[in-house]
Structures are given as structure tokens and as C-alpha cells.
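> Please find the sequence and the predicted model below.
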Amino acid sequence: MKIAFLGLGNMGFHMARNLAAAGYDVTGFDVVEKALHAIAEHGVTPADSARAAVDGADVVITMFPAGQHVLEAYQNDLLDAAKENTLFIDSSTIAVDDAKQAAEMARAAGHRAIDAPVSGGTKGADQGTLTFMVGGNQEDFDQAKPLFEVMGRKIVHTGESGTGQAAKVVNNMALAINTIGAAEAFSLGENLGLSHQTLYDVMSTSAAQSWAVSTNCPVPGPVPEAPASHDYRPGFATALMAKDLGLAKAAIESTQTPADFGMAAYRAYTDFNTEENSGKDFSAIIQTKKKG
């Protein structure tokens, strides 16, 4: 199976590397030339263009920043460059409507398509322990599943096209809410005289336990591998969380779903996503919870 992997950023780089390490024939492309040089050292063949990468591929995986990039790439380069009946897998995080449109474009061009956004951050991408949320028909899911099993640990078939993105939007909204809750708890605990380690020991083993506490703890010290213990180097950057919450806001409004905490998280991260903070891990939002 020949795979084209387009988008070799913080996530895509590791995902493509893991596929190559598993023995797949992977050709990669990214607009950042440095990424191409780096991926070549890990068994991925660099291509001169997206069209060149897609030529002859059985599967095309995209990992792009936003829906417009996916739709533009499908329209301008990828669909007409691919051989007939190519399976397109988009692992970007984009709007549900964009995912449905991308799938329709692919099928109209004689191909197959599934949306397969991921959760787990750069650590999960590096270690091959991502969670995949996959929208598409059963046959296409079954063909893609062995690839997902190389790159991830948990693979969930969510339903038809667009439902993978729906699951990702909902998941990240809940993650943002949990992270803000953990940040406020640690800030209040500090103001009440509790050490971070003491509160972590309680929260990580009690009813308040969550990924935002036990794995991505927002204060330095208790979890040595967490971004907070490394000056909030992502991880999952604030700019990406703000983007995902924008997608959640649009979904909340389009479905008229009461989601006060989701909207509050959207506003909090939109305000926090300044030039100074956009590159920090999203757990750095605890910095807004300090006294004074």
C-alpha cells in the first residue's frame, strides 16, 4: 500500500514517521522545506509538491490547519492528481460541514473519503497512542483501520461522514472546560495554602480525577512530563484550542444547544489567545487565574 501524507507539522510528522517505521511506503509533502528534510531521515520519501506525493498513492492522508486548506487542496491539487478510487483520509480538525463537503468532493471525483481527526497531542502522535474518531462508511473504515492502529491506540467508528469531526469538536470542548476547572481548582488550592503536590495527590486519585489533572496538570511539578513542567511548551497550543472552540461555538449555535460552559470556554480561550500566549500549551490558561 502506497501512502501520501500531506502536512508534516507537529502531529503529521510523527504520524507519517510511525507509518514508515511499520513498513508502509510513505511519501510526504509539506510547504515547510525543513519538515521535508527532517522526515526523510525517518524513512519517508519527500515529494516536490502535493500533486507529486499523491501520484500513484492508494491512500492520501491530510493533516492541515483548517477546513479551507483541506477544501482548497482537494479542489486545486489532490483529487484530480490521484488515481481512481483513492481513499482520502483527512485527520485535520475542521468544521463538520467542511468535512461533509470534502467527502462529497472526493466522491464526486471518483474517490472515497473519511474524516478521522485525532486526540492525544504531540505525545500521542510521537508514541503512536492517538485516539481516532472516524466518520465514513464501514468498508472504507475497515481498509483504513490498520493504518490507524499503527498511529493510534483507540479507534472509534463514529458513523457517516462528518461524525468524526463532530466527536472531535465535542471532545475538545469538554477538554477545555475540564482544563479551566482544573486551573481554577489549583489556583484556589494555592490561595488556601495547599501545595500543588498535595492537591494533585488528592485530585488525581479522587472523584475530581481527569486527564487535565493527571496527565496535563496545569501547574509545574506534579507531572514531570506535562507542558506546565516545561515552561508550557506544547503539547497542544492555545491557538489550536481557540480554533477548535470556534468550531464548537459554531456547532452550538447551529444546533441551538444550551452550552453555557462551552461558550464560556470559547470566550476564555479567545481572550487568552494573544500573540504572547498562542504558542503556549493550552493548560497555560491557569496564568489568568492568579490573584492580582
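Noted; the coordinates are in hand.
> contacting residues around residue 176?
Counting by Cβ atoms under 8 Å, 6 or more residues apart in numbering, residue 176 makes contact with 241, 244-245, 262, 265-266, 268-269, 282. C-beta here means a position set from N, CA and C on the backbone, and glycine is covered the same way.
> Which strand or helix spans it?
Per DSSP states H and E: residue 176 is located in helix 163-191.
> Show me the longest strand that occurs in the protein.
strand 152-159 (DSSP state E).
> buried set for it?
152, 155-159 (16 or more other Cβ atoms under 10 Å).
> same question, stretch 270-285
So stretch 270-285, judged by 16+ other Cβ under 10 Å, has buried residues 272-273, 277, 280-285.
> Check the offset of it from the chain's centre.
Centre-to-centre, stretch 270-285 and its host chain are 17 Å apart (Cα atoms, centre = their mean, to the nearest Å).
> ok, now stretch 212-219?
18 Å.
> quick one: average confidence on that stretch?
Mean pLDDT, stretch 212-219: 96.
> With respect to residue 133, which of the buried residues of stretch 270-285 is nearest?
Of all the buried residues of stretch 270-285, residue 282 has the smallest distance to residue 133: 18.9 Å, by Cβ to Cβ.
> pretty sure the closest one contacts residue 237?
Yes: if you go by Cβ atoms under 8 Å, residue 282 and residue 237 touch, sitting 6.8 Å apart.
> Now for the two: what residues contact both?
With Cβ under 8 Å, 6+ apart, residue 282 and residue 237 have no common neighbours.
> Contacts only, for residue 118.
Per Cβ under 8 Å, 6+ apart, neighbours of residue 118: 11, 15, 91, 124-125, 130-133, 151-152, 168.
> just curious, which of these is nearest to residue 100?
Using Cβ to Cβ, the contacts of residue 118 come closest to residue 100 at residue 168, 14.0 Å.
> The closest one: how many residues sit nearby?
Residue 168 is flanked by 29 other residues according to other Cβ atoms under 10 Å.
> before we move on, the earlier item: redo the buried residues of strand 152-159 as TSV? Include distance to residue 146 and pLDDT.
Shown next, in TSV, are the buried residues of strand 152-159 (distance: Cβ to Cβ, whole Å; pLDDT from 0 to 100):
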residue	distance to residue 146	pLDDT
152	11	98
155	10	98
156	16	98
157	14	98
158	18	98
159	20	97
